[in-house]
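Chemist: here is a sequence with its predicted model. Questions after.
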Amino acid sequence: MTIEPLEQLVQSFEIAGQDFSRAGEVSSKIRRILQQIGAPVETIRRTSVATYEAEMNVVIHAQSGRIDLSADRCAIQITVSDVGPGIVDLDLAMQPGYSTASEEVREMGFGAGMGLSNMARCADDLSIDSVVGQGTTVKMQFRTNG
Amino acid sequence: MVQYITEGLLEEIAQTLSLENVSGTDAGITRATGVYVSDLLSDVMGQAHSGEIWVTVQSHLNVVAVAALKELSAVIICQSREVAPAVAARAKGEGVVLFRTPLSAYEVCGKLWELGLRRAA
C-alpha cells in the first residue's frame, strides 16, 4: 500500500493576549489545515489538544504571542512563543493542579492547572524555555506514525 | 421509554430530556457515544472522548472551541445558563450542537445514565 506523503507546510499565526472572544481560533485553523493535508486522525487529535492548551496559556497569561506550524511527512512541529510574564518555577508549573490564573479566569473553567500536563501527554516531544519578565517558548513535536 | 446500550441518537436523547437546541445546529443523525461531565475546560480537553456529550454549566465562547476541537457530539448546558447569541452563532458555524436545560448537571447525567449512555470506549 502506498501512503500519500503529507505536503511540506510552514505557517504562522498571531495570538492576542487576554482576548477570550478569539481564543481557540488558531488551534481550530491549525486543525483544519492538518485535516486538509491528510494528517492521521489520531495525530490531529493530539496536536489539537496540545495546541489549544498552549494558545490558551498565551491568552490567559501573556500580552501577545504567535504559533508557528510546520509539518512534513513524518511529524508536526508546533512552536508557541509569547511576550509575557514568563514562568517562575517550571517544575511547579508542570505539576497537575498548579496554576497562577486569576479567579475571574478560573470561573470560566480555565486555570485548572492541567494545561501543561495535557500538552506533555499529547506531544511526543515537549520543551519549554522561559525568561521571567520576557516570555515563554513552548516547542512540541507530534509524530505522524502513531 | 427509549432503550440504548452504548450510544444513542442525539435527536432522541434531546427529545427524551426535553433539551432546547439553542444553537439551532442540525443534530441530524449524529450519535452520542458516551458522556463526560466537567466545568474545567482543560479537564474536558484531556479526558473527554470524541463523540461524547459534554455536560457543563459553562456557556461562553470557548466551550464551542473545545467541543469542536474534541469533536464532541453535543454540549448540554445546565441550569438554564444564559447562552449569548454570539456563542450560539459560533456553535452553529462550527457545527457544534448546543443544548440547554433547566436541569442540574447531576440530573442530566442521571437521565443519560438511565438511557444507557456510558463513557466512550
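Modeler: Sure, I can see it. Numbering: from 1, shown residues only, chains lettered A, B, ... in the order given.

Chemist: next, count neighbours for B:R118.
Modeler: 15 (other C-beta atoms under 10 Å in any protein chain shown). (C-beta placed from N, C-alpha, C; glycine too.)

Chemist: ok, it to B:L17 distance?
Modeler: As judged by C-beta to C-beta, to the nearest Å, B:R118 and B:L17 stand 16 Å apart.

Chemist: and B:L115, by the same measure?
Modeler: Counting by C-beta to C-beta, the gap from B:L115 to B:L17 is 8 Å.

Chemist: setting the sequence-adjacent residues aside, check what's closest to the residue of chain A at minimum distance from chain B.
Modeler: Nearest residue of chain A to chain B, counting by C-beta to the nearest C-beta: A:G24, 2.9 Å away. Spatial nearest neighbour of A:G24, excluding adjacent residues (C-beta to C-beta, 6 or more residues apart in numbering or on different chains): B:A65 at 2.9 Å.

Chemist: and if you look at A:T51?
Modeler: Excluding its sequence neighbours, the residue lying closest to A:T51 (C-beta to C-beta, 6+ apart) is A:S27, at 4.5 Å.

Chemist: export the lengthiest helix in chain A as CSV, just CAs?
Modeler: Longest helix of chain A, by residue count under DSSP state H: helix A:41-61. What follows is helix A:41-61 as a C-alpha-only set of coordinates in CSV (Å, rounded to 0.1, in the frame of the first residue of the first chain):
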residue,chain,number,x,y,z
VAL,A,41,-6.7,11.5,12.8
GLU,A,42,-5.0,10.5,16.0
THR,A,43,-2.1,12.9,15.4
ILE,A,44,-4.6,15.7,14.6
ARG,A,45,-6.4,15.0,17.9
ARG,A,46,-3.2,15.1,20.0
THR,A,47,-2.0,18.2,18.2
SER,A,48,-5.3,20.0,18.6
VAL,A,49,-5.5,19.4,22.3
ALA,A,50,-1.9,20.5,23.0
THR,A,51,-2.1,23.5,20.6
TYR,A,52,-5.3,24.7,22.3
GLU,A,53,-3.8,24.4,25.7
ALA,A,54,-0.7,26.4,24.6
GLU,A,55,-2.9,29.0,22.8
MET,A,56,-5.0,29.4,26.0
ASN,A,57,-1.9,29.9,28.1
VAL,A,58,-0.9,32.8,25.9
VAL,A,59,-4.4,34.3,26.1
ILE,A,60,-4.6,33.8,29.9
HIS,A,61,-1.1,34.9,30.8
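
Chemist: thank you kindly, that will do.
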